[in-house]
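In: dropping a prediction and its sequence here:
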Amino acid sequence: MIDIDPSKILVRYNIKREKEMTPEDAAEELYPKDKLIYPIAKSIFEGEEDDVVEGLEKAISSGKDPISLINGALMVGMGVVTRLYDEGVIFLPNVMMSADAMLVGIEFIKQKSGKAPEVKGKVVCHVAEGDVHDIGKNIVAALLRANGYDVVDLGRDVPVDEVIAAVEKEKPLMLTGTALMTTTMYAFKEVNDKLMEKGYRIPFACGGGAVNQDFVSQYELGVYGEEAADAPKMADFIKENGDNVVKLREKFHKH
Amino acid sequence: MIDIDPSKILVRYNIKREKEMTPEDAAEELYPKDKLIYPIAKSIFEGEEDDVVEGLEKAISSGKDPISLINGALMVGMGVVTRLYDEGVIFLPNVMMSADAMLVGIEFIKQKSGKAPEVKGKVVCHVAEGDVHDIGKNIVAALLRANGYDVVDLGRDVPVDEVIAAVEKEKPLMLTGTALMTTTMYAFKEVNDKLMEKGYRIPFACGGGAVNQDFVSQYELGVYGEEAADAPKMADFIKENGDNVVKLREKFHKH
Amino acid sequence: MAATRYTKMAYAKADDMVFGKAIKPVKAGLGLEIGAGYTTPEVNYAPRPEAGASKEKLVKEYERITTDIMARMVQIGAPAVVLETEHVQQMSNNPSWGAEVAHAQKTIMEDYHDEYGIKCALRHTIGDIREDRNFLQLRGDKYNVFLEAFEECAKAGADILAVESMGGKEIFDHAILRNDMAGILFGIGVLGSMDMEMIWTDITSIAKKNNVISSGDTDCAQANTAMFIAGGLLDKNLAHTIAIIARAISGARSLVAYEAGAVGPGKDCGYENTICKAIAGVPIAQEGKTSTCAHSDLMGNLVMQCCDLWSNESVEYHGEFGGTTVQCWSETLAYDCALMNVALDSGNEKILRDMFVASDIYRDAQGYVLAYPHAYRVGQAIVKDGNDIYLRSKNAALESIKIIEEGAKGKLTLSRFEANALADAKAAFEGLTDDKDKFMSDCLTKYKDEVKVFRPENYGL
Amino acid sequence: MAATRYTKMAYAKADDMVFGKAIKPVKAGLGLEIGAGYTTPEVNYAPRPEAGASKEKLVKEYERITTDIMARMVQIGAPAVVLETEHVQQMSNNPSWGAEVAHAQKTIMEDYHDEYGIKCALRHTIGDIREDRNFLQLRGDKYNVFLEAFEECAKAGADILAVESMGGKEIFDHAILRNDMAGILFGIGVLGSMDMEMIWTDITSIAKKNNVISSGDTDCAQANTAMFIAGGLLDKNLAHTIAIIARAISGARSLVAYEAGAVGPGKDCGYENTICKAIAGVPIAQEGKTSTCAHSDLMGNLVMQCCDLWSNESVEYHGEFGGTTVQCWSETLAYDCALMNVALDSGNEKILRDMFVASDIYRDAQGYVLAYPHAYRVGQAIVKDGNDIYLRSKNAALESIKIIEEGAKGKLTLSRFEANALADAKAAFEGLTDDKDKFMSDCLTKYKDEVKVFRPENYGL
Ligand code: B12
Ligand code: B12
């Protein structure tokens, strides 16, 4: 083999930019200080389901209101996770595992309290009819869940009418669509038209390999999302500023 | 430098396919045998303007009707030229020089006979508005002339209205357009629409780098031409079969 | 079934491997020989979305594509070309569609071959249609249609048969986003290999019957998915060190095609192909810097190292200033091949190969492991336990980890994230049993529970 | 005017020339040095037709293009990149448009440079708008707008200024379709050189004033037109032997930019650049196998031989499976450059260069003459009479003819048509006077008569 000086050929920009701090240190700075909450948040960050449950048990037996622990502990832990993901300190699998742990935690609280906790909002996710590429959608769904949204995941290759039916039934604050093929993305327009026809005006966030901003801008409800991480931000934006598609586009259209 | 065996790297398909016969031999077989006509046809093939005139003078002084020499000698010579060009035996510059020689011959006959000879038909050629790429158009015009058509060459960067005006004035059997830029080819559609509006239904043959068959098929009068050599063939087809655009497309659309 | 396992390497040493030459060259199509001392462009394309409207439109579209490519190749003097048609759904679901396309393409190619003598062959890659909306359906009705599609295309003119099969994907999709190493190994190395054994035995007998080439598979559905999720240097969805472990395992999987009778050329997007070539001696197609039309990766030059066909993966058919996309990309491929062929003719192939490698070996852990001397080692790890599809996959994973660790002591830099992911993965693989049966029953229990779309009967389990 | 003629070669011998290194490297933009030991991709693009609708849309379009390219470059670890914006008409006719685009692009590039340290520079190529519908209008009002466009872009952030100038084109267009050798010589070598002297003196002083790079020109309008008309192996519009004579003459013409103060990098589409580099020692951009998006030629690898920037010529901005076109092509270019940079770092640059050459030297007479040892000889023929723009052009033509004749005795095959055209051309050039003044007055008389769009006052005649 030929021996070269790699710095003459390429630059590992990722390494140049990697934060000084370890993820653990960065997280440590963000955990809440409360003795009972801290271990829960930390176990969420670490994605340790058993530890989450253990922490919740302790907190509840020490008198904390179970339902309050959702926003007060689980979501706080997830907040640390998504913040560090956005900052590039941690990576997706960590988020996925934390989200799984959080769901276990919520499930546990439900059982303990016997109450259905209030959710931040509902989002319906799907992959366009004819398309089986669902990894992007899975990431979108995971990040939405990680951010406290209730996700109705219709799966992949979802017929247009089924999407409409789900919107009618679930009344989500947002619908997402993913398409990776130029042949399947046209289904989004159909979904849009049928929604319009039935009088639904919810934002329809669309993304995935084949999809681009120009295409999505062509139908009334379309908001283009470039990265999966945009999905929860869009949902947050809707909760805060209402579901005006024009405003959403202003905020999220990058091109 | 590195020494290689070229046959391992590439194939000179042009050389493999080159005809055995020299162009001169091939032409010789096609010239008319008539003692007075032969030298004229041959001088056309050779692109020798002076010899063409000399040949014509001889033929006329030997009693040939000047006007009859256009179709009987000049066009016969050009026929040899275009046939051998189509067969790949000779190349464009030969055609250009032959066409120049033919035009000199026609001019000479006009003066001699005092009559305007009957022409095969008129074609208006232009390059789209905003576009200066005129080499393709020049070739088209040259080949049309070489085939006996009267070409009204509007030049390059021709405003749409000027094209329409020329059609109104010249009443050509065909209009040609050339565009090499994706930004300029849309002018063809405008030309088409204005022609339609004014009730003109002449075939509008379009070609040039940016243009493709799908684009040209979008407007009523459009016929796509891939190679300059198609232009005279289209004109011939119109003379023979009428100016039905659908039939022209059937014949000339290759994709 | 009829898989003859590889238990030793086709090449005596890594340095013997080079582009354009394979131990077992393959004759295909019209005058072409693959891996016989020269490289050849393999052009891939996708019809425009509108073209799928009817069978007639689709056939027409492929005719245009074929003519465009052949015309450009003779215009620039390219001695040879392979066309690869990756079926769109309709063409495999309705085998007669695929067959008509193959016939139309082959007719044009024959004309060019007759007129110019250009060497050429047609590869048809059948779509793996064995799934319904939610589940893989690897056996049963869909499988019959699938095999019929191969048969019909072979009859109609396809010279080379291929597929990108999907066995194991339901487990892999779940595992890859969770850093679940056992799941990755189970999906790719075990389930993927089992499914491949079935289909490649059948494809090979169809090919033999029709006197065409049973070529090979790729772990597109899994290893490439990992590579894509890992993405570029700045993406943060998956550690590149994990993606390359999945790739190493896929070497053990894609090998099964050859064990079941395929003879190459392996499919372009199989980045594991260098491993397969080292073991099986078959010619391979590869894609990299000249398939940016289809995807981005971090080993644009490196993957040329041992290719026999050089491909653009896929490009949508439409116009560019320089002609149609298929013309542009086929021309670029042809020049890349001309460069390699010059190297072969002048005895410089090893220098050029090593320059390809040096370009990307330190760009990323993936390129580092796939560099031919390392890929060869992964191959050795596989054949060491060649008869055990589980163990050999695990070996491949562990060897790739070892290779990266060695690299990281030298010029290969890892981000902290990549290094951590690698360490975790290493621990996970080292913790796995050596007993295939135990691994299988553990996984069956675990994934029947965790992955609701997992259906053991797809694998005859 | 201020042209200092070259009367000797910058390089002592042809073999000293190689890609990535120039005798006079050029620093430009943000941390970049061109010809200083490494090659760099130069990415070119054209906005979508719709984007020209308004200034805002156009600026937006170039912002997207710029971000896309920069993002892809850091994703794959490319150390450096040059962006070339070839003005669309509106941007040069309204200099403030061009300036706004330059500013918008540069802002994005600065952000990337700050965040990642990526070396980069922005080239703006002003459109040669000095014509009205029927006539060239090289001097006068349009010339003022033209110069203003350079000035405004330089002020707004363009690091490198270029143009593809059109002097002589009206004669050339007439001559090339008529095998008129005197006309080709007059158009390119004489009129083209005269016009370039004027504009490059002015562009250089604008560049100096604004502390940016006066780079260079290309004979796109003439030599490339000839190359395009000549086309592929099977086209029959022009003998390739004639096209290469036009090219050789264009070496004497494009050189004038450097004589008038430009410092390189010469423009990508100047296939004559190897000749210029040999004489002037300036760095050059080139395009070939990775500019198939824009055109097809018969020297895809060969032109890489001495490039310092490696370009895709131009691609319309739109989506592909692998990203936008500018991302796809910039990535391919970047890998090509990585290969060359490996060669440079490992001392293999001459072997790689010679492999590039061997790929295409026998493909066509054009590649044969442009192969660096032959291009060097054409350079020598030029500097021999460097002070006489006519004689040096004629020398270039005759030397190129001689080179082909020698080649044809070896492995370069010519079709009979090419050989005949060459013989005719040789006779024509040998028949020309050695006296510039006589040639000028003969041509003035002849072309004032034959070419109705020829206006001597465009050249101060
Ligand atoms: C992996 C893959 C597969 C896997 C899919 C596995 C799976 N479970 O998804 C398998 C092997 C099964 C597969 C099959 C096929 N594939 Co495929 N595949 C790919 C590949 C290589 C990567 C796709 C991927 O996973 N990317 C990573 C994910 C994470 O990206 P993503 O989905 O775009 O999501 C990101 C963003 O877009 C965003 N996002 C996504 N959705 C949304 C939504 C919202 C609201 C927001 C905010 C953001 C967002 O978030 C994500 C991360 O930030 C691409 C190549 C490419 N260039 O894209 C081809 C590709 C998509 N496949 C292609 C093809 C042709 C096929 C097949 C038809 C092949 C065949 N002949 O059988 C079949 C499809 C069958 C079908 N009916 O769908 C073509 C499509 C061409 C076209 N016409 O457009 C591609 C482009 C390959 C190519 N270059 O030709 N494929
Ligand atoms: C030569 C050339 C020039 C020359 C033109 C000289 C001249 N007198 O024509 C010069 C240097 C002046 C020039 C200028 C410019 N050019 Co220019 N140029 C080219 C080039 C390299 C070759 C074109 C050519 O002559 N081809 C050979 C001829 C013979 O082909 P043709 O015209 O297509 O014709 C053939 C067929 O199409 C057919 N045909 C043509 N018309 C018809 C009609 C009928 C009826 C039929 C049957 C057949 C037919 O017959 C011919 C032979 O068979 C192309 C590159 C390319 N890839 O095409 C760029 C190209 C066309 N130019 C381009 C550009 C951008 C420009 C400029 C704007 C550059 C600038 N920044 O200043 C200016 C244009 C100014 C303007 N307003 O038009 C771009 C266009 C991009 C786009 N948006 O579409 C191209 C594609 C280059 C590129 N890759 O970017 N250019």
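Out: Happy to help now that I have it. Residues are numbered from 1 along each chain as shown, chains lettered A, B, ... in the order given. Ligands and ions are numbered 1, 2, ... in the order given.
In: shaky segments in chain C?
Out: For chain C, applying pLDDT under 70 flags the ranges C:1.
In: surely C:Pro41 is within a strand?
Out: Yes - assessed by DSSP: H, G, I helix; E, B strand; the rest coil, C:Pro41 belongs to a strand.
In: what residue in the stretch 1-150 of chain A comes nearest to chain B?
Out: Using Cβ to the nearest Cβ, the closest approach of the stretch 1-150 of chain A to chain B is made by A:Ile2 at 18.6 Å. From N, CA and C alone the C-beta is placed, and that goes for glycine too.
In: pick out the residue in the stretch 301-450 of chain C sitting closest to ligand 2.
Out: C:Phe321 (3.9 Å; Cβ to the nearest ligand atom).
In: pretty sure that residue sits against D:Thr292.
Out: No - counting by Cβ atoms under 8 Å, C:Phe321 sits too far from D:Thr292 to count as a contact (9.6 Å).
In: so where do the helices sit in chain A?
Out: Here chain A has its helices, by DSSP state H, at A:13-17, A:23-30, A:37-46, A:49-61, A:66-69, A:75-86, A:92-113, A:135-146, A:160-170, A:187-197, A:213-216, A:230-241, A:245-252.
In: could those helices go into CSV alongside mean neighbour count and mean pLDDT?
Out: Formatted as CSV, the helices of chain A follow (neighbours: other Cβ atoms under 10 Å in any protein chain shown; pLDDT from 0 to 100):
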stretch, mean neighbour count, mean pLDDT
helix A:13-17, 18, 86
helix A:23-30, 15, 90
helix A:37-46, 24, 95
helix A:49-61, 18, 95
helix A:66-69, 18, 91
helix A:75-86, 21, 91
helix A:92-113, 20, 90
helix A:135-146, 24, 90
helix A:160-170, 16, 96
helix A:187-197, 19, 96
helix A:213-216, 19, 89
helix A:230-241, 19, 95
helix A:245-252, 15, 94
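In: to B:Gly72, which of those helices lies closest?
Out: Smallest distance to B:Gly72 across those (Cβ to Cβ): 61.4 Å, for helix A:213-216.
In: grab the CA positions of the closest one and hand them over as CSV.
Out: Extracted in CSV, the C-alpha atoms of helix A:213-216 (Å, rounded to 0.1, in the frame of the first residue of the first chain):
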residue,chain,number,x,y,z
GLN,A,213,-39.1,22.0,-0.8
ASP,A,214,-40.2,23.1,-4.2
PHE,A,215,-42.4,20.1,-4.5
VAL,A,216,-43.9,20.4,-1.1
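In: ok, that helix near chain D or not?
Out: No - looking at helix A:213-216 against chain D by Cβ under 8 Å from any Cβ of the partner chain, there are no contacts, and the closest approach is 8.6 Å.
In: again with stretch C:16-25
Out: No - residues of stretch C:16-25 contacting chain D under Cβ under 8 Å from any Cβ: none, with a closest distance of 12.9 Å.
In: then that stretch to CSV, C-alphas only?
Out: Listed next in CSV are the C-alpha coordinates belonging to stretch C:16-25 (Å, rounded to 0.1, in the frame of the first residue of the first chain):
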residue,chain,number,x,y,z
ASP,C,16,-3.0,-10.4,-6.0
MET,C,17,-6.3,-8.8,-6.2
VAL,C,18,-6.8,-6.0,-8.7
PHE,C,19,-9.4,-4.3,-10.8
GLY,C,20,-10.3,-5.9,-14.1
LYS,C,21,-9.1,-9.3,-13.3
ALA,C,22,-10.8,-12.1,-11.5
ILE,C,23,-9.7,-15.6,-10.9
LYS,C,24,-12.9,-16.8,-12.5
PRO,C,25,-13.8,-14.5,-15.3
